[in-house]
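Engineer: below is the sequence, then the predicted model.
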Amino acid sequence: QVLLVESGGGLVQPGGSLRLSCAASGYAAHYSVIGWVRQAPGKEREMISCMRRSDGSTYYADSMKGRFTISRDAAKNTIYLQMTNLKPEDTAVYYCATTFDVSLDFRDYIEWGQGTQVTVSS
């Protein structure tokens, strides 16, 4: 069983920052890639970024470059998503997910966490 648990979401004002965490356990290590995906209300899921576990290489969707940074603490089996200069349109449920190969298509991801809500509002 793969267990992915996101945390760190909440309410933040426009222009603010937030760091999300995703703790991976169980058979999560069987998957080579872990990533972040978000889903805004009434919209399709949207890929943000992913990381290859073997070497820490990172990949970003073009629309997400600049304000989002994926990182990890390998010893804790945890990945992070640092978000800066947040905008109301960043309001969404943020998920971490795993898959076998590097992909910026959320449909390729196999195991998903339950998500954490991020709301950007004044």
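Structural biologist: Perfect, thanks for sending it.
Engineer: pLDDT score for the residue nearest the centre of the chain?
Structural biologist: Closest residue to the average C-alpha location of the chain: residue 36 at 2.2 Å, with C-alpha atoms, centre = their mean. If you check residue 36, the pLDDT there is 98.
Engineer: on the strand side of things, show who it bridges to.
Structural biologist: residue 49, residue 96 (DSSP bridges).
Engineer: surely it is in contact with residue 48?
Structural biologist: Yes. Using C-beta atoms under 8 Å, residue 36 is in contact with residue 48, at 4.3 Å. Quick note: C-beta positions are derived from backbone N, CA and C, even for glycine.
Engineer: tell me, what's touching the two both at once?
Structural biologist: Taking C-beta atoms under 8 Å, 6 or more residues apart in numbering as the contact rule, residue 36 and residue 48 both touch 68, 70, 81, 94.
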